[in-house]
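S.K.: everything below, folded, please.
(chains A and B)
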Amino acid sequence: MRTCVVSMVAADSEGPNDRGVRMFRRERSIPLRGSAAALCNNLSVLQLPLRNLTHFGVVHGPSAHLLSAAPEGVPLAQRQLHAKEGAGVSPPLITQVHWCVLPFRVLLVLTSHRGIQMYESDGSVMVYWHALDSGDASPVQAVFARGIASSGHFICVGTWSGRVLVFDIPAKGPNIVLSEELAAHPTSVTDIASEPAQGQDCVADMVTADDSGLLCIWRSGPEFKLSTQIPGFGVPCTSVQLWQGTIAAGYGNGQVRLYEASTGTLHIQINAHARAICALDLAPDVGKLLTAAEDTFVHIWKLSRSSESGYIEVEHCHGECVPDIQVCGARFCDPSGNSFAVTGYDLAEILRFSSM
Amino acid sequence: MSVRTLPLLFLNLGGEMLYILDQRLRAQNIPGDKAHRDEWTEVDRKRVLNDIISTMFNRKFMEELFKPQELYSKKALRTVYDRLAHASIMRLNQASMDKLYDLMTMALKYQVLLCPRPKDVLLVTFNHLDAIKGFIQDSPTLLQLVDETFRQLIEVYGGLSAGEFQLIRQTLLTFFQDLHIRVSIFLKDRVQNSNGRFVLPVSGPVPWGTEVPGLIRIFNNKGEEVKRAEFQHGGNYVTAPKEGSFEFYGDRVLKLGTNMYSVNRPVETHMSGASKSLASQTQQSIAPNPLAKEELNFLARLMGGMEIKKPSGPEPGFRLNLFTTDEEEEQAALTRPEELSYEVVNIQATQDQQRNKELARIMGEFEITDQPRLNASKGDDLLAMMDEL
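M.R.: Purely as a prediction, here's the structure:
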């Protein structure tokens, strides 16, 4: 029945010229203390090139695992974080961990079914706790926070109700303030992406996605302004990225769509995967897009802009099958997209790949 | 975690339990006129299935089950199935009950993992209910009871969004996380690898609503398609033929959740220490769960709705063996790997007797006739049993 036992799919060779696309090979995997939970975007990577270290964060369920590794994949330090306890039959489950790189500091943000926890980047000290208010939730509604991104000196976190909480982060210290709540999503937020604002004329530097597939495009600032909305089509948008004014959105039906952030115009639609997409990532230096799905495949694409029309263009670079693993997290490990890491449901290791 | 998950978990696991019991009862079946007093007949098989189904779909119990609530731990949920399995004249000893629960949970883990779309968890449930209705064809009262639950499922889950089903599926997968018991029927069918992980096919139909991967479509500013390109995905998929029916009756299309057992395909589990990852072992042995107390209270409320018809008269309980021979069963009990034993976590229920009087009362009548316990009172008996979970 199974036909694909080959784990490498050759980069498409029918292209007119070789664009320097290289194959990837498996590197030594990094063992985890617990397996990864079946959540979307269940891997966060913080690159520390100066110290020649990479931090990895993975959610196990009621706990999250942080570890730092040297380039060869040797784990050096490990830490386990837990969601703050509350009333209930079982310990609260964590929904996401993500490192937010702000202009003056790096914070680790952990979201759960209880609230939002912010830590110093190594996870050693919790600097802020925000309990979720389930006040207006019906008893059938699951209450949780999910979707984390930083924009300037703000950290934005999505919630079950569709609201996006905007926290103002000081250059140091724990005086974090909830500065705004953005109410544009009618259903639970799934993911948030941002990119540094590019000058005064920039109209969009943050995008939020939700369970109905709706995308909201924002202009950050002391007050966030909604600039455009891209309607959904009944399929959750599970993961979203923003690169040079282009939105890359991954959906529950395996599609990847590329939109112009300023106008919301759809330019490219890719039937990319056979199952729900669970993670996207972008290598900002080169515009490489990583897509990962429950179909056990990871694909790498190259985004660019046509010099003639100015339209977004895409090229498929590489496909990788991770046999029998429902991928739940995937991230590039360097800004040029020459290496990436993958997590899978029930799998107690981080798989690493780098270009040959 | 979705508070809408428990009914689906309970009904699907219950369905798997009925498949296995039906298969074992058929395999140990003796023609009625030749049977000794302690041997199974066709009449007994039907009676056991009927008794369990009527307990499972009891109105009061279903009412409790469908209330929004969190999931129980694997161990706590096992008490519910312990009770359910003993809702009739049939008796299972510890080793057979362990094996039954292992098979049920691994089968449902497979079904949830392989579900094409999160929403299809509902089709898996419908497959189980369709099959249960097949078991009780001759009993209009029971059919009516199951149909009531069927209607309730359609009412509660019919209107949920794709996002809500995604949360339900994630909650179910969290429940089954780190469970890697090898099941012979799966190994033989090559849907499970020797390490206990399931095989994920990269061919066959894509989920309904998903297009076969490999196509890139490019649009201009006016939304007109201006170009198409293809890429090599690496899988070998075809379009989904049609969507399964979410109606009361209909072709579910999906085969997950249908009965995969037959008399000729006996049920076996292979358990080995290596089949469970080291990581999960350490996870389980960490400190007793401080929330166990609260969980017991919830459990008491849930099980309060379960009515057990005590066998009338001095009739003995019939013993069912999930293994081929009694020797195998004994051996399994002795060789079950430590980390797979449900006796690992001590939840110290005995210290909370007062709080759990209700549960004790409900469980009081629960007795395994061929395994007399030495404990003095029935209350202690229950609490000791909970301790062993």
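S.K.: and stretch A:135-155, how far out from the chain middle?
M.R.: Its chain's C-alpha centre and that of stretch A:135-155 lie 15 Å apart, by CA atoms, centre = their mean, to the nearest Å.
S.K.: over to stretch A:171-179?
M.R.: 23 Å.
S.K.: what average pLDDT does it get?
M.R.: Across stretch A:171-179, pLDDT averages out at 95.
S.K.: show me the contact partners of that stretch.
M.R.: A:103-105, A:118, A:127-128, A:130, A:153-154, A:165-170, A:222 (CB atoms under 8 Å, 6 or more residues apart in numbering or on different chains). Quick note: C-beta positions are derived from backbone N, CA and C, even for glycine.
S.K.: what's the local residue count around whichever residue of chain A sits closest to chain B?
M.R.: In chain A, the residue that lies nearest chain B is A:Asp211 (2.7 Å; CB to the nearest CB). Using other CB atoms under 10 Å in any protein chain shown, A:Asp211 has 28 neighbouring residues.
S.K.: before we move on, back to that, from the contacts of stretch A:171-179, which land in strands?
M.R.: Mapping those onto strands (DSSP state E) picks out A:Met118, A:Val127, A:Tyr128, A:His130, A:Phe154, A:Leu165, A:Val166, A:Phe167, A:Asp168.
S.K.: for the second one, give me its contacts.
M.R.: With contacts defined as CB under 8 Å, 6+ apart, A:Val127 is in contact with A:Leu107, A:Met118, A:Tyr119, A:Glu120, A:Gly173, A:Pro174, A:Ile176.
S.K.: next, format the residues you listed as TSV and append neighbour count, secondary structure and distance to B:Glu155.
M.R.: Formatted as TSV, these follow (neighbours: other CB atoms under 10 Å in any protein chain shown; DSSP: H, G, I helix; E, B strand; the rest coil; distance: CB to CB, whole Å):
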residue	neighbour count	secondary structure	distance to B:Glu155
A:Leu107	21	strand	44
A:Met118	22	strand	41
A:Tyr119	20	strand	43
A:Glu120	14	strand	49
A:Gly173	9	coil	52
A:Pro174	13	coil	48
A:Ile176	18	coil	44
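S.K.: for the stretch 1-150 of chain A, give me the ranges with low pLDDT.
M.R.: A:1-22, A:86-89 (pLDDT under 70).
S.K.: please enumerate the strands of it.
M.R.: A:8-9, A:24-31, A:44-48, A:53-59, A:63-69, A:75-82, A:94-101, A:106-112, A:115-120, A:126-131, A:145-151 (DSSP state E, counting those that start in this stretch).
S.K.: reformat those as TSV; add distance to A:Ser307.
M.R.: Formatted as TSV, the strands of the stretch 1-150 of chain A follow (distance: least, CB to CB, whole Å):
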stretch	distance to A:Ser307
strand A:8-9	29
strand A:24-31	29
strand A:44-48	31
strand A:53-59	35
strand A:63-69	40
strand A:75-82	45
strand A:94-101	31
strand A:106-112	36
strand A:115-120	43
strand A:126-131	46
strand A:145-151	30
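S.K.: of those strands, which approaches A:Asp324 most closely?
M.R.: A:Asp324 lies closest, by CB to CB, to one member of these: strand A:24-31, at 14.6 Å.
S.K.: so which bits of that closest one are buried?
M.R.: A:Phe24, A:Glu27, A:Ser29, A:Ile30 (16 or more other CB atoms under 10 Å in any protein chain shown).
S.K.: does the closest residue to A:Cys237 other than its chain neighbours have beta-bridge partners, and which?
M.R.: Spatial nearest neighbour of A:Cys237, chain neighbours left out: A:Ala209 (3.9 Å); criterion: CB to CB, 6 or more residues apart in numbering or on different chains. Beta-bridge partners for A:Ala209, by DSSP bridges, are A:Asp191, A:Leu215.
S.K.: and the residue nearest to B:Ser262 when sequence neighbours are not counted, what pLDDT?
M.R.: If the residues on either side of it in the chain are set aside, B:Ser262 comes closest to B:Gln23, at 6.7 Å by CB to CB, 6+ apart. pLDDT recorded at B:Gln23 is 88.
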